[in-house]
Every structure is written in C-alpha cells, then in structure tokens.
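Student: sequence-free structure coming up:
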Ligand code: IPE
Ligand code: IPE
Ligand code: MG
C-alpha cells in the first residue's frame with residue numbers, strides 16, 4: 001500500500017497512463033479502405049482520449065505513435081504517418097496550449113523528417129512554460145534502444161571516472177532513460193487485442209497494470225478509456241507482497 005500511495009497521487013486513478021494505439025490498419029482493411037485512412041481515424045481517437053484524460057485528470061499520458069520497428073513498413077505508409085503526425089501537431093497545438101498540456105517526445109528523434117523535428121521542438125518549447133498535464137509521444141521509440149543508450153551513458157561516466165560502477169543500481173538506470181523525471185505508468189492500455197509489449201517501455205512498465213481490449217484504436221473512445229480506468233481502480237496491486 002505504501003508503494004501505491006507513492007506512485008498514485010490521485011487515489012484510485014492512475015497518474016500516468018501509457019497506450020499502445022494498435023489496430024488502425026485492420027480497422028481500415030475491414031472497411032476496404034487504405035491503411036492510411038485507419039491512421040487518420042486513429043488521430044481522431046487521440047483527440048477524444050486526450051479530452052477524456054483531461055476529464056479524469058490523468059497527469060501523464062504516453063502514446064506509442066511509431067516504434068523503431070515501424071521504420072520497416074513500406075515507405076508510403078511511413079511517409080504518410082510522418083505527414084499525419086505533422087498535421088496532428090499543427091491542428092492540435094492551440095488546444096494543447098489552452099488545456100495547459102506540455103508536449104514531450106521520446107525516441108530516436110534524429111531519424112524523423114527535419115520539418116517534423118522542428119515542429120515538435122517548437123511545440124515542446126512553447127508548451128513547457130505553463131502546464132498542468134503532460135502528453136508524451138513515443139515516436140521512433142524502442143525500449144531496448146532506450147535501455148542500451150542508458151547503459152552506454154552510464155558506462156561513459158564510469159570510464160571517465162565520474163561514477164563508481166559499484167554504486168550503479170535501479171535508480172541509476174532509471175535516471176539515464178529518456179525522461180527520468182516522469183513517474184512510471186501505473187496503467188498500460190493496448191487496443192486491438194494483441195497480448196504483447198512490442199518494445200514499449202519495458203523498464204517503466206515493470207509493475208504496471210495491463211488492460212487489453214479487442215477494440216481497434218480508431219473505435220476506442222472516451223467511454224472505453226473510462227472503462228479501463230474503472231478496471232484499474234479495482235485491481236489489487238500487491239508488488240510481490242501478500
Ligand atoms: C497502429 O496501428 C499504428 C502504428 C503502429 C503506427 P497499426 O498500423 O499497427 O494497425 P494494425 O495492427 O496493422 O491493424
Ligand atoms: C506497436 O504496434 C507500435 C505502435 C502502436 C506505434 P505494432 O502494430 O507496430 O506492433 P506489432 O507489430 O503488432 O508487435
Ligand atoms: Mg499493429
């Protein structure tokens with residue numbers, strides 16, 4: 001219980017919800033539409049879920065938008081997704097600022113198109129001034145890369161004599177991940193029924209509650225988000241105790 005109080009500031013509601021937004025392609029294929037149409041519809045769900053998160057006062061929302069593995073998709077789909085991300089940022093910048101949402105991005109951002117990089121940087125900077133909640137987009141993100149980068153940074157410090165290897169512990173690793181100041185997600189939602197993590201926040205989700213729904217992401221709406229929160233509220237989190 002002690003642990004839970006520390007991690008969950010708002011009673012039974014999670015402080016941080018992470019979401020694997022999956023099933024856009026199948027949503028489109030079921031309707032005989034191109035996959036990109038599914039991604040477009042998925043962007044609507046993002047807006048709906050951000051509004052729902054505001055109502056529920058969830059302080060941090062992390063959305064898995066594009067994985068390091070997704071770079072292996074056909075070029076047309078990758079290009080379409082990058083364009084869509086740019087449009088999404090443009091269309092939603094005003095609402096994010098008004099809602100006092102700080103935008104943060106985690107992943108190998110240097111692999112993104114330059115234009116998208118500068119767009120994201122501008123919004124990250126603008127939204128960091130006065131905010132109450134945080135939206136984190138995992139973009140060109142892979143958890144194993146993140147952990148490997150952390151190991152590299154720690155090794156460099158040790159080699160330079162700035163860190164005693166004997167002192168390296170869980171906290172040291174956590175402090176070298178992409179966003180060390182963000183609390184771990186207490187709830188991870190995955191849509192489209194797949195029962196896997198797909199290289200998402202492997203370290204940070206160690207003790208998260210998992211919620212998987214068969215609904216494809218474009219059909220995931222406010223009501224289903226609240227159902228996930230409800231389910232979370234009923235879980236007994238034991239952290240290995242009894
Ligand atoms: C999730 O939907 C969005 C991204 C991975 C970018 P998918 O594109 O994976 O949709 P499915 O899984 O093929 O249906
Ligand atoms: C995970 O979905 C990545 C995102 C939602 C961005 P994928 O569709 O890429 O994952 P797999 O291929 O089913 O593992
Ligand atoms: Mg998928």
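Tutor: All right, it came through fine. Nothing here was measured: the structure is a model prediction, and the numbers come from that model. Ligands and ions are numbered 1, 2, ... in the order given.
Student: Which residue ranges of this structure form helices?
Tutor: Read by DSSP state H, the chain holds these helices, from start to end of the chain: 2-7, 24-30, 35-55, 75-98, 114-127, 143-159, 170-175, 222-233.
Student: and those as CSV, adding mean neighbour count, distance to residue 214 and mean pLDDT?
Tutor: Bear in mind the C-beta positions are built from the backbone N, C-alpha and C, glycine included. Supplementary listing: the helices of the chain in CSV, determined by neighbours: other Cβ atoms under 10 Å; distance: least, Cβ to Cβ, whole Å; pLDDT from 0 to 100:
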stretch, mean neighbour count, distance to residue 214, mean pLDDT
helix 2-7, 12, 28, 35
helix 24-30, 19, 11, 98
helix 35-55, 19, 15, 98
helix 75-98, 15, 23, 98
helix 114-127, 14, 32, 98
helix 143-159, 15, 24, 98
helix 170-175, 13, 33, 98
helix 222-233, 17, 11, 96
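Student: Apart from its neighbours in sequence, what residue is nearest the closest residue to ligand 1 within the chain?
Tutor: Nearest to ligand 1, among the residues of the chain, is residue 25, at 2.8 Å (Cβ to the nearest ligand atom). Taking Cβ to Cβ, 6 or more residues apart in numbering as the measure, residue 25 lies nearest to residue 35, with 4.3 Å between them; neighbours along the chain are not counted.
Student: One more: residue 232?
Tutor: Per Cβ to Cβ, 6+ apart, closest to residue 232 is residue 187, 4.7 Å.
Student: Roughly how far does the one you found sit from residue 209?
Tutor: Remark: distance between residue 187 and residue 209 (Cβ to Cβ, to the nearest Å) = 5 Å.
Student: and for those two, which residues touch both?
Tutor: Contact criterion Cβ atoms under 8 Å, 6 or more residues apart in numbering; residues shared by residue 187 and residue 209: residue 232.
Student: Would you mind telling me which of the two has more residues around it?
Tutor: Here residue 187 and residue 209 are set side by side on neighbour count (other Cβ atoms under 10 Å), and the busier one is residue 187, at 24 against 19.
Student: Can you name the residues bridging to that one?
Tutor: For residue 187, the residues forming beta bridges with it (DSSP bridges) are residue 17, residue 209.
Student: Spatially central residue in this protein, please.
Tutor: Averaging the C-alpha coordinates of the chain gives a centre point, and the residue nearest to it by Cα atoms, centre = their mean is residue 62 (2.6 Å).
Student: Contacts only, for it.
Tutor: Contacts of residue 62 were listed using Cβ under 8 Å, 6+ apart, and they are 16, 17, 18, 19, 106, 136, 137, 138, 182, 185, 201.
Student: For the third one, list the residues it contacts.
Tutor: Applying Cβ under 8 Å, 6+ apart, one finds that residue 18 lies in contact with 61-64, 185, 187-189, 200-201, 204-205, 208.
Student: try 7 Å
Tutor: Contacts of residue 18 were listed using Cβ atoms under 7 Å, 6 or more residues apart in numbering, and they are 62, 185, 188, 201, 205.
Student: Nothing else from me, thank you.
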